[in-house]
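Student: show me the folded form of this:
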Amino acid sequence: MITKAIFFLVAACALFSCAGNSAQSKPAISGRGVTAVRMLSDYAPSLKNTAEDTSVYLLDSGKSGAKLLLVAGTHGDEPAGIQAAELFIARAAVQQGSVFVIPRLNDAGVAAGSRFVQADWERSGDDDYFTPPEGSTRYAEIERRNINRSYPGSESGAAAQKIAQAVMRLLVQENIDIAIDMHEARPSSSIARTIIANPKSANAAALAIFDLEEQGIIMRLEVSPPDMDGLSHKEWGNRTRAAAFLIETENPAYGSNSAIGVSSDLRYAVDKRAAIQLEAVKAIVRRCNETLPAPLVFSGIPVYTE
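Tutor: Here you go, the predicted model:
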């Protein structure tokens, strides 16, 4: 049962990785399908031996097939995607193709329960706005520390831009076919319970949403906004071969510095939100497989309705 499996993962997180200790924010995750554990600095050496480096788990079948990049923990106060990614690492077995999983992209932000990369020194002079590398959108200056405003990244930029560039290099060097970024939003947000797709992948997202509805999971489709640069789903899809998506579930504890996001309202229980994330991942992969030369096939993730 998927929610029970995630419950035990949440309990372990409460004991080991959510204590606010940075050394405890990087727990080793074992899984029967894990074939290698790399570091993000393998793709961007400037991250080596810094607080911004983080683990990249590889589950490789050894058989030719599609490649998936699964990212969570871009924002440290959005825990359901982290729990979903860690459960995927622990339980999934890949029969064809391969999966790269980054469960805590913003490791310092996860430890602090913060949306931003924790680097307070990264103010840039007297600027009151931030423009993503190679972009034109003007964001508030604090967004310089937001990885999901920083793509395609920059070697000479702030920490968030260096992390973003490392992800872009992974996408290109590993020839990723499907890339999914897992996030959360306030229940009142206009993007809560959505799949946001790069325009070239909107059809696959729409079909995945229909599939989810058959399981009683209601989500909406959004397409990458043309007037906002630096976003993962937009830049990943525009600049690489990957079909790019972002999943948003509802987190009532968003912005409260709650490490786990526990809610007394069972509609928003973290295990349920993580289960929705995983079902959305499976639905997206199934639909993308229909147009790929060779599919990605994996098992071991319990069914949401069990």
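Student: how far away is residue 223 from residue 190?
Tutor: Distance, residue 223 to residue 190, by CB to CB, to the nearest Å: 13 Å. C-betas here are computed from N, CA, C, even on glycine.
Student: between these two, who's got more neighbours?
Tutor: Each of residue 223 and residue 190 has its neighbours counted (other CB atoms under 10 Å); residue 223 has more, 17 against 10.
Student: for the residue nearest to residue 294 when sequence neighbours are not counted, list the residues it contacts.
Tutor: Spatial nearest neighbour of residue 294, excluding adjacent residues (CB to CB, 6 or more residues apart in numbering): residue 65 at 4.6 Å. For residue 65, the contact set (CB atoms under 8 Å, 6 or more residues apart in numbering) comprises 96, 97, 98, 294, 295, 296, 297.
Student: for the last one, give me phi and psi.
Tutor: The main-chain torsion angles of residue 297 are listed as degrees, to the nearest 10 and equal phi -130, psi 120.
Student: ChimeraX command for the buried members of the contacts of residue 65?
Tutor: If you want just the buried ones from the contacts of residue 65 in ChimeraX, going by 16 or more other CB atoms under 10 Å, the selection is:
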select :96,97,98,295,296,297
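Student: between the contacts of residue 65, which is nearest residue 56?
Tutor: Distance to residue 56, by CB to CB, is smallest for residue 98 among the contacts of residue 65, at 11.9 Å.
Student: thought that closest one was touching residue 61?
Tutor: Yes: if you go by CB atoms under 8 Å, residue 98 and residue 61 touch, sitting 6.3 Å apart.
Student: for residue 36, list each beta-bridge partner.
Tutor: residue 58 (DSSP bridges).
Student: what distance do you get for it to residue 59?
Tutor: In terms of CB to CB, residue 36 sits 9 Å off from residue 59.
Student: show me which of those two is the more surrounded one.
Tutor: residue 59 (24 against 10).
Student: list the contacts of the more buried one.
Tutor: Counting by CB under 8 Å, 6+ apart, residue 59 touches 31, 33, 34, 35, 89, 92, 93, 94, 98, 99, 101, 298.
Student: and if we set it to 10 Å?
Tutor: By CB atoms under 10 Å, 6 or more residues apart in numbering, the contact set of residue 59 is 31-36, 68, 70, 88-89, 92-94, 97-101, 298, 300.
Student: for residue 43, which non-adjacent residue is spatially closest?
Tutor: Residue 43 sits nearest to residue 169 (CB to CB, 6+ apart), 4.2 Å away.
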